[in-house]
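Novice: Quick one, structure for this:
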Amino acid sequence: MKQLTLGFLTPYSGVYPFYSTHLWTGWMLGMGLDPARQRTWQIMPEFTRSGSPAATTEAAKKLLFFNQADVLSGLISYKSLPALMPVVEAQRKLGFFFDMGELIPDHAAISPDIFYASHQIWQSEYALGRWAQKRFGNAGHIVMPLYESGYHLGNAFQQGAFLAGAQELRVSVLPNDPADTGALDLAEFFAEIEKHPPPYVHAIFGGNIGTRFLNAWKESRYNKTIPLVVVETMAYEDILEDVKHLELELYSALTWMKEDERKENKLFVKAFESKAQQPANIYGLMGYEAGLVWRELIPYAQKGDWEKVKAQLRTNTIRGPRGEKGFHPSSGLGLPVSNIVKLNTTTQKINKIILDQGEGIRHDDAGLQIIHQENVSGWQNPFLCI
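Specialist: Numbers count the residues shown, from 1 in each chain. Next up is the predicted model:
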């Protein structure tokens, strides 16, 4: 049978440097293939630097025109779509892209040839905003660096809180020092919550600046007096491992938990950890979900029946480790259930207690259009690709 070529757009991530290997490993396992021995796919990575539209499109053209890739995939930002879509469509090729869900899909930018394995962090932020308003009350305070403010995460949290009845939300975007991009200046933020004590603080940080914020919060007098609600990327175990000795008390929303007892999740965790020899993580999960839908499509792809593959991807959903998931915006990409969790860390372990569940919202819901109108950002790189 024909070997298929997978062109993989690969931006740099200092936060998760091995994300692409985890994505591929998960993808192959989801298809029932041995990542080390399989001959069904030839994987062809192409470096896209920080993942800007120009670098992404240039790499896509090389993979499609020169390398003749059958499927164009990789980690992208939706900001690259206006440039990517014509390239994929002109060749009648198939684009199957991954993203963390830092931006809400714009329903004006949908193509019959392009599909998304999105982690949809904006969904957990929306659910978390609704829950925080109901649990802690009005006038919460969001804190985030300039980088994180350029995505839809804070906006999604706000919309969730407003839907639950919030009349007011304060926001602190931390000062940015171009000469020291890793600077963490919390003086104004702490002064603000001293002046206007909020019922909770919501922190949105990516990478090690998030663990530095948690250290600073622990040292402050607000620790355990003001509830700290964090974006889900700050609640991943591989992030909290570095700060679990701080004995933190946090709240977050997680669309996937390694401890989930459903059989689909246990199967994924066991398969990934035995092959990768590393703890199961979010990138392995995203790849695995993609593999579950592609498992049935390989025979059509090997025959060159790409229209059949596309038609199936437009409508097929999978029941994976975290429930039902779709891969085309027209089908809604699936509506993830977010587990609202309370986390307590000790030197020995990270304890999670599920407090509630938040349901997803369709990306084309009229209430979300204000986010597209109000969030005008120059950030072009995929989230965590810094």
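Novice: So, low pLDDT: which residues of this protein?
Specialist: For the chain, residues meeting the criterion pLDDT under 70 lie at 108, 376-377.
Novice: elements contacting the biggest helix by length in the chain?
Specialist: Determined from DSSP state H, the single longest helix within the chain is helix 121-136. Using 3 or more C-beta pairs under 8 Å, 6 or more residues apart in numbering; DSSP states H and E, the elements in contact with helix 121-136 are helix 153-163, strand 201-203, strand 228-230, strand 249-254, strand 338-345, strand 350-358. Quick note: C-beta positions are derived from backbone N, CA and C, even for glycine.
Novice: can I get those in TSV with distance to Y126 and mean neighbour count?
Specialist: Below are the helices and strands packed on helix 121-136 laid out as TSV (distance: least, C-beta to C-beta, whole Å; neighbours: other C-beta atoms under 10 Å):
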stretch	distance to Y126	mean neighbour count
helix 153-163	4	25
strand 201-203	12	24
strand 228-230	13	25
strand 249-254	9	22
strand 338-345	8	20
strand 350-358	8	15
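Novice: Out of these, the one nearest L23 is which?
Specialist: strand 249-254 (19.3 Å; C-beta to C-beta).
Novice: so what secondary structure elements neighbour that closest one?
Specialist: helix 121-136, strand 228-230, strand 338-345.
Novice: can you redo these as TSV with distance to I239?
Specialist: As requested, the helices and strands packed on strand 249-254 are arranged in TSV below (distance: least, C-beta to C-beta, whole Å):
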stretch	distance to I239
helix 121-136	14
strand 228-230	10
strand 338-345	11
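Novice: So for the longest helix of the chain, what gets flagged as buried?
Specialist: 121-133, 135-136 (16 or more other C-beta atoms under 10 Å).
Novice: Check stretch 371-386 too.
Specialist: So stretch 371-386, judged by 16+ other C-beta under 10 Å, has buried residues I371, H372, N375, W379, Q380, N381, P382, F383, L384, C385, I386.
Novice: how far away is the fifth one from S149?
Specialist: Right, the one you point to is Q380. Distance from Q380 to S149, counting by C-beta to C-beta, to the nearest Å: 15 Å.
Novice: again with the first one
Specialist: As for I371, its distance to S149 is 13 Å (criterion: C-beta to C-beta).
Novice: same question, the fourth one
Specialist: From W379 over to S149 the distance is 9 Å, taken as C-beta to C-beta.
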